[in-house]
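Undergrad: Got a sequence here, can you build the structure:
(3 chains)
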Amino acid sequence: MQARLPIHPSTRYPFDLARVLDGSQDFRWRKLEQGWYSGVLDRNIVHVRQDHDDLEYRAHTDLDSLLISYFRLHEDIDAIYATLSSRDPDMAALARDHPYLRVLRQPDPWECTVAYICSANNNVKGIGRILEDIAEEMGKPVQLGQDIRYTFPSPEQVLEAGPTPLRTMRLGLERHSHILHAARQVWRGELDLSRLSLSETPYPEARQRLMQLRGVGPKIADCIALFSLDKPEAFPIDTHIRKALISRYFPPGARLSDKQLGEFARVRYGKYAGWAGQLLFQSRWSAAS
DNA sequence: CGCCAGGGTAGAC
DNA sequence: GTCTACCATGGC
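TA: Numbers count the residues shown, from 1 in each chain, chains lettered A, B, ... in the order given. Here you go, the predicted structure:
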């Protein structure tokens, strides 16, 4: 089926599909012809394209609510940017320079967890390659027209496949055992990811639970919380963010722990600190030194 | 060939 | 709490 969704119009911070998807937090989007993109969301293959203030899509079933949630089409993006800008002149400038940034709401926290376990000391291309390899090996094929993709395997599917395929994929850095361990924790119910996404589970608790997984430290826990658990105050601190914060707000050579930097960011940027962090990340190569 | 990539862990002090 | 070696692979 084909369908079309209205994009909540924002004059100041317009929606731009290509800029949202290219090099975004979600690694499995592929570019097709004529502005179409191919993705797999929650076991659905979907093609999306922007037509002015509409989002067109092709899929097997009605994905209106899924796409509205994923792209935050009904959210007041202006309000988020306005909050950040009012709190910090530096953020106002960054918002002007990067008006197309959106933190996507990824529907499957499990896939997000695996993705960011694989992000440690890796680049975007490498992360995407690992995710595709895992999906092709252990997921199920889904087809739309000539486009064949693979669903991301559930923890159960990963466990059924056993340790051998993950090992032979040579993921590096003990990633295969981290993924297997995480699959066990989730499958046994010792870690309930869907419960972490509820508002009754506050950010600090969600973060702490995630960090009980092997290969999930503070940075990766924050990525999972921000991108798939609806915790906008989560503030992932990597090497770029560390440098950006210190160069903008502290004397050169200042020594601060990541914990101190995270607290600083949440106090300074407020509830949407995570969005501020993404703006800093976007400007990582253009930032004045 | 060497260096880097959106870190995490374990062990040392 | 802070510092360090080590982890493994692909891209350039």
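
Undergrad: Could you list the residues of the stretch 101-250 of chain A in contact with DNA strand C?
TA: A:121-123, A:125-126, A:129, A:170-174 (CB under 7 Å from any atom of the strand). No exception for glycine: its C-beta is placed from N, CA and C like everyone else's.

Undergrad: so who does the residue of the stretch 101-250 of chain A found nearest DNA strand B touch?
TA: DNA strand B sits closest to A:Gly217 of the stretch 101-250 of chain A, with a gap of 2.7 Å, by CB to the nearest atom of the strand. By CB atoms under 8 Å, 6 or more residues apart in numbering, the contact set of A:Gly217 is A:Met211.

Undergrad: Quick check: it vs A:Leu191, distance?
TA: 16 Å (CB to CB, to the nearest Å).

Undergrad: which residues touch whichever residue of the stretch 101-250 of chain A sits closest to DNA strand C?
TA: The minimum distance from the stretch 101-250 of chain A to DNA strand C, using CB to the nearest atom of the strand, falls at A:Gly172 (3.1 Å). By CB under 8 Å, 6+ apart, the contact list for A:Gly172 reads A:Asn122.

Undergrad: residues touching the closest residue in space to A:Asp97 that isn't next to it in sequence, list them.
TA: Spatial nearest neighbour of A:Asp97, chain neighbours left out: A:Ser283 (6.7 Å); criterion: CB to CB, 6 or more residues apart in numbering. By CB under 8 Å, 6+ apart, the residues touching A:Ser283 are A:94, A:97-98, A:244.

Undergrad: go on, A:Pro165?
TA: A:Pro165 touches A:137-138, counting by CB under 8 Å, 6+ apart.

Undergrad: Quick one: distance of the helix or strand that contains it to the chain centre.
TA: A:Pro165 is part of helix A:163-168, with elements assigned from DSSP states H and E. Relative to its parent chain, helix A:163-168 has a centroid offset of 26 Å by CA atoms, centre = their mean, to the nearest Å.
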